[in-house]
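J.: structure of the sequence below:
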Amino acid sequence: MAVSGGADSVCLLHVLLELAPSWELRLSVLHLNHRLRGEESDEDEQFVREMAERLDLPVTVQAWEHQWGGPPGLPSSKRAPQRTELLPPRIRNC
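T.: Just a heads-up that it's a prediction; the model follows:
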């Protein structure tokens with residue numbers, strides 16, 4: 001599941017974690033650090049890493065400029081296609 005570190009994605013992760021056994025889900029965490037807010041973005045990344053570790057979930061973290069070389073100020077509408085590329089192929093087109 002893609003987790004930004006914000007309240008909504010963290011809450012959804014916890015809900016899915018509770019439902020995982022009955023829904024036969026295998027969860028993992030994906031975080032994309034867009035590096036738009038400097039140190040705050042890095043703090044979000046660290047928060048997501050630590051939360052995934054506490055929940056015993058695999059975590060994948062990518063950084064914007066390392067993955068695509070995109071400028072930090074790129075609008076959200078232009079970032080969406082690149083975020084999708086981080087998803088596993090089997091769910092990319094859902």
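J.: C-alpha only now, for contacts and for neighbours.
T.: OK.
J.: contacts only, for residue 32.
T.: 2, 4, 45, 61, 62, 63, 64, 83 (C-alpha atoms under 8 Å, 6 or more residues apart in numbering).
J.: who's the closest spatial neighbour of it, skipping the chain neighbours?
T.: residue 62 (5.0 Å; C-alpha to C-alpha, 6 or more residues apart in numbering).
J.: I figured residue 48 hits residue 31, correct?
T.: Yes: counting by C-alpha atoms under 8 Å, residue 48 does reach residue 31; the two are 7.2 Å apart.
J.: hang on, the earlier thing: ok, so of the contacts of residue 32, who is nearest residue 23?
T.: Among these, residue 2 lies closest to residue 23 (C-alpha to C-alpha), at 18.4 Å.
J.: low-confidence ranges, this structure, go.
T.: Applying pLDDT under 70 to the chain picks out residues 65-94.
J.: so how many other residues sit close to the residue nearest to residue 32?
T.: 16 (other C-alpha atoms under 10 Å).
J.: what about it, which SS state?
T.: Here residue 62 is recorded as strand under DSSP: H, G, I helix; E, B strand; the rest coil.
J.: quick check: it touching residue 35?
T.: No: between residue 62 and residue 35 there is no contact under C-alpha under 8 Å: 10.4 Å.
J.: show me the strands in the chain, by range?
T.: Using DSSP state E, the strands of the chain run over 29-33, 59-63.
J.: same for the last one, what does it pack against?
T.: Helices and strands touching strand 59-63, as assessed by 3 or more C-alpha pairs under 8 Å, 6 or more residues apart in numbering; DSSP states H and E, comprise strand 29-33, helix 39-54.
J.: please save the CA atoms from that strand in CSV.
T.: Written as CSV, here are the backbone C-alpha positions of strand 59-63 (Å, rounded to 0.1, in the frame of the first residue of the first chain):
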residue,chain,number,x,y,z
VAL,A,59,8.8,-1.4,3.0
THR,A,60,10.0,0.1,-0.3
VAL,A,61,11.1,3.7,-0.3
GLN,A,62,12.0,5.7,-3.4
ALA,A,63,13.2,9.3,-3.7
